[in-house]
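S.K.: Kindly generate the corresponding structure for this input.
(2 chains)
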Amino acid sequence: MTPRVDVVVPGGFGGPWDARAGEFITVIDLEGEQTGDFVAFVTADPDEWLSPVHCREALQNLFVHAGDRLVSNRRRPILEVVADDVGVHDATIPACDPTRYAVEFGVPGHRNCFENLFNAVHGRGVDARRFPEPLNLFQNTPVVGDGRIGLTDPVSRPGERIVLRALVDLFGALSPCPQDIIPGNGLRPSPMRVVVGVAAHLDGAE
Amino acid sequence: MSTIDGTSPGEIHIPARTGIAFRVDAGAEIEIVDLQGQQPADFWAYYENDLGEYLSAPHTRIANMRLMPGVGDAFFSNRRRPMIRIVDDPVPVHDFLSAACDPWRYEELGHRGWHGSCQENLELAMKRAGYGDVVCPQPFNIWTNFHLHPDGRFEIMRPATKAGDHIVVRAEMPCVIAVSACPQDITLTAGLNPTDLLVRIR
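M.R.: Predicted coordinates:
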């Protein structure tokens, strides 16, 4: 069955997606070692969104695993992790943003996930001041002991993917992270593919 | 002596299950005292000149490359500026991974009808102090003891504090601070007995 949405988002840029309740959202790392910052909003009320902080409490876990039901800031399950080739995702650090590059790396005007995500959902009633923290798909921030966290490249290989199922009508955005200064994307932003439809794209390609 | 604007040194008593908001100048020290023990204090900070800039857990984690700041470390804003620094922390068992309790949390725990929550305490305290509607970011959950296991699981435990234990933080910019004496009485978060807190500003 032909998917309803099938887009390739270039590395370092952002793209929107939407999903109806029951549809599967497959995010594929086409070339490997690529983080994808991911946000989801409830279509009927964009003040309700996928919330990593509430997920941690609901799951009683720092990390997200296959089978988990991911909750909103109203503590309602809105997405379910159906399948996951990679098993390493981050739910603890923010989207990179203009300040990150301008102040901390001395590179003003660098592309960044915050603007990619925000611009992708522009005009849909989302307030920049209340913008949610993303779920960073494939991002590798291990807890390395004593509460310290590391920041390293994803372990995802070309074509590996995560499949989510929308439990309510949702829209959102994906930003294949433009970080090319420190590890996070193998120092080379690369494209990701988003497929949405009633069938799960478990093989990652047709 | 009592103040709710924080412009002069003073003490604020926070009755069990309620919250307070007050402003402080850059350089002010804020001491929070757990008067009876085993009582978490949910803590928020906003930049006084723009309440859209607030203490942000994800930005603090990446700035320090740690899950939880220690003595001398700063909490950063969502604009990546240092806002609050830990000065003294004799009982350094806190949570910095979880949301404030809110009406949906109590519904999830099976409670029927109204139940006070840290989110509502924040919203009411900010309104009472004249700041209107604000975002409720993830708080610094002082003395909340969600023990993190090596495999990423965490479990709710009683706070490690005894009566009179304290923490001192310093404001790095003029801030509006809000503190909630967590009303959680269903899980072990507040030792099944929510009690009072004291805030001293100097």
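S.K.: quick one, helices of chain A?
M.R.: With DSSP state H as the criterion, chain A has helices at A:52-59, A:98-99, A:113-120.
S.K.: could the ones you listed be laid out in JSON lines, adding distance to residue B:41 and mean pLDDT?
M.R.: C-beta coordinates here come from the backbone N, C-alpha and C atoms, glycine included. Shown next, in JSON lines, are these (distance: least, CB to CB, whole Å; pLDDT from 0 to 100):
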{"stretch": "helix A:52-59", "distance to residue B:41": "18", "mean pLDDT": "93"}
{"stretch": "helix A:98-99", "distance to residue B:41": "29", "mean pLDDT": "94"}
{"stretch": "helix A:113-120", "distance to residue B:41": "30", "mean pLDDT": "97"}
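S.K.: Export those as TSV, with columns for distance to chain B and mean neighbour count.
M.R.: What follows is those, written out as TSV (distance: least, CB to the nearest CB, whole Å; neighbours: other CB atoms under 10 Å in any protein chain shown):
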stretch	distance to chain B	mean neighbour count
helix A:52-59	5	22
helix A:98-99	5	17
helix A:113-120	10	22
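S.K.: Need those in TSV (columns: distance to residue A:74).
M.R.: Compiled in TSV, these are given as follows (distance: least, CB to CB, whole Å):
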stretch	distance to residue A:74
helix A:52-59	8
helix A:98-99	29
helix A:113-120	20
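S.K.: pLDDT wise, what is the residue of chain A most remote from its centre at?
M.R.: What lies farthest from the middle of chain A is residue A:146; by CA atoms, centre = their mean that is 26.9 Å. As predicted, residue A:146 sits at a pLDDT of 81.
S.K.: Chain A contacts on chain B?
M.R.: B:52, B:56-59, B:61-62, B:65-68, B:78-80, B:97-99, B:102, B:104-105, B:107-108, B:135, B:138, B:148, B:152-155 (CB under 8 Å from any CB of the partner chain).
S.K.: If we use 6 Å, what do you get?
M.R.: Taking CB under 6 Å from any CB of the partner chain as the criterion, the neighbours of chain A within chain B are B:52, B:58-59, B:61-62, B:65-68, B:79-80, B:97-99, B:104, B:108, B:135, B:138, B:152-154.
S.K.: The helices of chain A: which one's closest to residue B:170?
M.R.: Nearest to residue B:170 among the helices of chain A is helix A:98-99; the distance by CB to CB comes to 22.6 Å.
S.K.: So which elements touch the closest one?
M.R.: When contacts are defined as 3 or more CB pairs under 6 Å, 6 or more residues apart in numbering or on different chains; DSSP states H and E, helix A:98-99 packs onto no helix or strand at all.
S.K.: All the strands of chain A, residue numbers only.
M.R.: Counting by DSSP state E, chain A has strands at residues A:5-9, A:15-19, A:24-29, A:36-42, A:45-49, A:69-71, A:77-84, A:135-137, A:143-145, A:148-149, A:160-166, A:170-176, A:192-197.
S.K.: In chain A, what helix or strand scores lowest on average pLDDT?
M.R.: Lowest mean confidence among the helices and strands of chain A (mean pLDDT, DSSP states H and E): strand A:143-145, at a mean of 83.
S.K.: Direction included, what does that strand pair against?
M.R.: The pairing partners recorded for strand A:143-145 under DSSP bridges are strand A:148-149 (antiparallel).
S.K.: The strand it pairs with: how far from the chain's middle?
M.R.: Its chain's C-alpha centre and that of strand A:148-149 lie 21 Å apart, by CA atoms, centre = their mean, to the nearest Å.
S.K.: Outside of that strand itself, list whatever touches it.
M.R.: A:141, A:143, B:65-66 (CB atoms under 6 Å, 6 or more residues apart in numbering or on different chains).
S.K.: Pull the contacting residues for the most centrally placed residue in chain B.
M.R.: The centroid of chain B falls nearest to residue B:43 when counting by CA atoms, centre = their mean (1.6 Å). Contact analysis of residue B:43 by CB under 6 Å, 6+ apart lists B:139-140, B:142, B:179.
S.K.: again with residue B:129
M.R.: Neighbours of residue B:129 in contact, by CB under 6 Å, 6+ apart: residue B:21.
S.K.: Work out which residue lies at the spatial centre of chain A.
M.R.: With distances taken as CA atoms, centre = their mean, residue A:38 lies nearest the centre of chain A, 2.2 Å away.
S.K.: wait, that residue sits on residue A:133?
M.R.: No: between residue A:38 and residue A:133 there is no contact under CB atoms under 6 Å: 10.8 Å.
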